[in-house]
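Student: Here is my input, please return the structure:
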Amino acid sequence: MDTSSIASFALIAAGAFLAGGMNAIAGGGTFFSFPALLAIGVPPITASASNTVALWPASLSGAWAYRREAMRHRRWALILIGVSLVGGVCGGLLLLAISNAAFAQMIPWLLLIATALFAFSGQVQKIVAGIKRKLGLSAGGEANPGSVGGALFQLVVATYGGFFGAGLGILTLAALAIQGFKDMQELNALKNVASAVNYTVAALTFIVAGAISWPHTLVMLATATVGGYAGASLARRLPALLLRRLVVVVGAALTVIYFYKTYL
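Tutor: Predicted structure coming up:
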C-alpha cells in the first residue's frame, strides 16, 4: 500500500470516528464522514451508501449506551422503532432509485428548519399546545408526551435519514423536543434509538443492492463504532444546558456549511 492510499484510509478512519462520536452526542456526524469519502474520490451515491453502512454499528452502540434513558418512554420508543423502520427502507430505496442532485438542494433548508425548531422548541411547543386548547383537543401530559402527528413527522425524518442522513440526529431531536420531551438525556436516548433502527434498515438495503465500497466501509465501521460509544458515554456526563447548546451550535454550523457548499 503506497503513501497516498494510507493517507486516504487515515482520512476516512478519522472522519468516521468523529462522525460516530458526534452522532451519539448531538447529530451531524455525516458532515465528517461523507465529505471524507468524497475527498478520496468515492462517487457520491456510493459514498452516501457506504457512509450509512459505516455508521450503522456506531448507531447501535450509541443506542445501547443510552438504553436506560430510552426505556423511561418505552411506548414512544417502540413507536419510533416502527416509523424509523418504515422510513429507513423508503429512504434507502429512494437513494437507489434517483439521483441525489435535486434533493441536495433541499438539505441546507432542512438543516436550517431543524436547528431553528430545536432552538425554539419550547416556544413552538407552547404555540402547538395553545392551538390544541382552542380546538378542544388534549395538549398532552408531561409524563407521556408524543402523538400521532409526531409519529408522522418522525416518519418523514426517518425517510430523509435513509436517503442521505446529514443532520438526521438534529432533525430527530427537533421532532422529539416539539412533542414535549424536555429532558436532554431522554431526548438523546430516543434519538439514538431512532437512528439505530434507521441506519440498520437503510444499511441492509444498500448491502443487498451492492451499492457499497467495502474496503473503505470496513475501515470506517471500526473507527465509527468506537467513536459512537465514546460519544454516548461523554454525552451522558455533560450538563443538559451545555448539551442543548452544543446541538444548536452543530446545527447552525451544518446549515452554514451546506448553504455554502450548495449555493456558492
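
Student: Tell me how many other residues surround residue 256.
Tutor: 13 (other Cβ atoms under 10 Å). For glycine as for every other residue, the C-beta is placed from the backbone atoms N, C-alpha and C.

Student: Relative to residue 48, how far out is it?
Tutor: Distance from residue 256 to residue 48, counting by Cβ to Cβ, to the nearest Å: 21 Å.

Student: Then residue 119?
Tutor: Computed with Cβ to Cβ, the distance linking residue 119 and residue 48 is 27 Å.

Student: Could I get the buried residue list for the strand or helix carrying residue 231?
Tutor: Taking DSSP states H and E as the definition, one finds residue 231 inside helix 214-235. Taking 16 or more other Cβ atoms under 10 Å as the neighbour-count basis, helix 214-235 is seen to contain the buried residues 216-217, 219-233, 235.

Student: same question, stretch 233-253
Tutor: Residues of stretch 233-253 classed as buried by neighbour count (16+ other Cβ under 10 Å): 233, 235, 236, 238, 243, 244, 246, 247, 248, 250, 251, 252.

Student: Help me confirm that the last one comes into contact with residue 115.
Tutor: Yes - using Cβ atoms under 8 Å, residue 252 and residue 115 qualify as a contacting pair, with a distance of 5.7 Å.

Student: picking up where we left off before, what's the following helix or strand after the helix holding residue 231?
Tutor: Elements were assigned by DSSP H and E; along the chain past helix 214-235, the next helix or strand is helix 240-263.

Student: after the lowest-mean-pLDDT helix or strand in the chain comes which helix or strand?
Tutor: Of all the helices and strands that make up the chain, the one with the lowest confidence by mean pLDDT, DSSP states H and E is helix 121-134; it has a mean of 70. Counting by DSSP H and E, the next helix or strand C-terminal to helix 121-134 is helix 148-163.

Student: elements contacting that next one?
Tutor: Using 3 or more Cβ pairs under 8 Å, 6 or more residues apart in numbering; DSSP states H and E as the contact test, the elements touching helix 148-163 are helix 74-97, helix 168-179, helix 184-209.

Student: what sits up against that helix?
Tutor: Taking contacts as Cβ atoms under 8 Å, 6 or more residues apart in numbering, the residues outside helix 148-163 that touch it are 52, 79-80, 83-84, 86-95, 100, 103, 110, 168, 171-172, 175-176, 178-179, 194-195, 197-199, 201-202, 205.

Student: how about a cut-off of 6 Å?
Tutor: Taking contacts as Cβ atoms under 6 Å, 6 or more residues apart in numbering, the residues outside helix 148-163 that touch it are 79, 83-84, 87-88, 90-92, 94-95, 168, 171-172, 175, 179, 198, 202.

Student: now swap in stretch 57-75 and tell me
Tutor: With Cβ under 6 Å, 6+ apart, stretch 57-75 has contacts from 20, 24, 77, 185-186, 189-190, 192-193, 195-196, 199, 221, 224-225, 228-229, 232-233.
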